[in-house]
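In: Quick one: sequence plus predicted model below, questions after.
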Amino acid sequence: MNIILFGAPGSGKGTQADLIVESHGLKHVSTGDILRKAVRDGSDLGNQVESTLAAGELVSDSVMMDLIRRVISDISVEQGWLLDGFPRTEDQSKGLLTLLDELGETVDAAIDIFVDNDEIVRRLSGRLTCDECGRVGVAENNANNTCRNCKGSMRVRRDDKPETVLKRQKIFRARTRPAKDVLAQEYDVHRIDGVGTPTEVAQRIQSVLEQINQA
Ligand code: AP5
Ligand code: MG
């Protein structure tokens, strides 16, 4: 099964992705996590994108297309993938559709997680992210700032400063909504209410996946 998760920064894509890949055995492809790891590792890619990430701006389409081609080509059709944070521009959507044609693959489910702006600002102001594995958590629930998953350090992401969060939301509205519209010309995009506990949101997504499987 191949799944795409759309949603604004802070809508809960990473949180839901962790739950879905666990229950469906898919490979989680978070472009943000891959880029942040490249920065931590000091790789050529990391050095190239570090200032863009810190500023909350988008990495170029050509860099992102090269990355996604490499990553998706390495995942077996039997396992399937879940894209979290890609595509994010019209050109990325078009590039993805072309790439899938080349590989003979399709998208089985496209999910758009919707959360209003005030809730997003509230969520991101309390978020900690693991330096090592990218797992997300909330400051007050994690007093010693150690990741429960891998024991790495949980920190505030550089792009979660209030002014950078606002910029990311603006870029999302201007560039990522149109990317979703391009995908929607080819596939149904299912809008999900992203407010509620992570388990409640996961149940809404699961019922959409079940409907698709039964169709
Ligand atoms: P990326 O890492 O993709 O960031 P994002 O899209 O801005 O989204 P976030 O990771 O901030 O939020 P999320 O939706 O995953 O929410 P989360 O689950 O963490 O991208 C980062 C940067 O990389 C970009 O700005 C860009 O520079 C670059 N980049 C990446 N992909 C790119 C691309 N394709 N093209 C160009 N550049 C690219 O949840 C948020 C918080 O809310 C957490 O604290 C969580 O615990 C909490 N929470 C989650 N669910 C709930 C719930 N139901 N109720 C209450 N709290 C909740
Ligand atoms: Mg995320």
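Out: Received the coordinates, thanks. Residues are numbered from 1 along each chain as shown. Ligands and ions are numbered 1, 2, ... in the order given.
In: Give the full set of residues in contact with the residue nearest to the spatial centre of the chain.
Out: The geometric centre of the chain, computed from its C-alpha atoms, lies nearest to residue 84 (C-alpha atoms, centre = their mean), at 2.5 Å. When contacts are counted by C-beta atoms under 8 Å, 6 or more residues apart in numbering, residue 84 is found next to 5, 13-14, 17, 28-32. Any C-beta I mention is one placed from the backbone N, CA and C, and that applies to glycine too.
In: Please compute how far the helix or strand harbouring residue 46 lies from its chain's middle.
Out: In this assignment (DSSP states H and E), residue 46 forms part of helix 44-55. The chain centroid and the centroid of helix 44-55 are separated by 18 Å under C-alpha atoms, centre = their mean, to the nearest Å.
In: and what of stretch 73-82?
Out: The chain centroid and the centroid of stretch 73-82 are separated by 17 Å under C-alpha atoms, centre = their mean.
In: Can you tell me the closest non-neighbouring residue to the residue in the chain that ligand 1 sits nearest to?
Out: Ranking the residues of the chain by distance to ligand 1 (C-beta to the nearest ligand atom) places residue 32 first, at 1.8 Å. In space, and not counting its chain neighbours, residue 32 is closest to residue 85: 4.8 Å by C-beta to C-beta, 6 or more residues apart in numbering.
In: so residue 137 sits in a helix?
Out: No: per DSSP: H, G, I helix; E, B strand; the rest coil, residue 137 lies outside any helix segment and is strand.
In: Helices of the protein, start to end?
Out: Per DSSP state H, the chain carries helices over the ranges 13-24, 31-41, 44-55, 61-73, 90-103, 117-125, 162-171, 177-184, 198-214.
In: Mind putting these into TSV with mean neighbour count?
Out: Below are the helices of the chain laid out as TSV (neighbours: other C-beta atoms under 10 Å):
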stretch	mean neighbour count
helix 13-24	18
helix 31-41	18
helix 44-55	15
helix 61-73	16
helix 90-103	17
helix 117-125	15
helix 162-171	15
helix 177-184	16
helix 198-214	14
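In: Identify whichever of those lies nearest to residue 79.
Out: Of all the helices of the chain, helix 13-24 sits nearest to residue 79, with 9.7 Å by C-beta to C-beta.
In: list the helices and strands the closest one packs on?
Out: Counting contacts by 3 or more C-beta pairs under 8 Å, 6 or more residues apart in numbering; DSSP states H and E, helix 13-24 is packed against strand 3-7, strand 27-30, strand 81-84, helix 198-214.
In: CA atoms of it as PDB?
Out: Provided in PDB are the C-alpha atoms of helix 13-24 (Å, rounded to 0.1, in the frame of the first residue of the first chain):
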ATOM      1  CA  LYS A  13       1.500  14.200  10.000                       C
ATOM      2  CA  GLY A  14       4.500  12.700  11.800                       C
ATOM      3  CA  THR A  15       2.400  11.600  14.800                       C
ATOM      4  CA  GLN A  16      -0.100   9.800  12.500                       C
ATOM      5  CA  ALA A  17       2.600   8.500  10.200                       C
ATOM      6  CA  ASP A  18       4.200   6.700  13.200                       C
ATOM      7  CA  LEU A  19       0.900   5.000  14.000                       C
ATOM      8  CA  ILE A  20       0.000   4.100  10.400                       C
ATOM      9  CA  VAL A  21       3.400   2.600   9.400                       C
ATOM     10  CA  GLU A  22       3.400   0.500  12.600                       C
ATOM     11  CA  SER A  23       0.000  -1.000  11.900                       C
ATOM     12  CA  HIS A  24       0.500  -1.400   8.100                       C
END
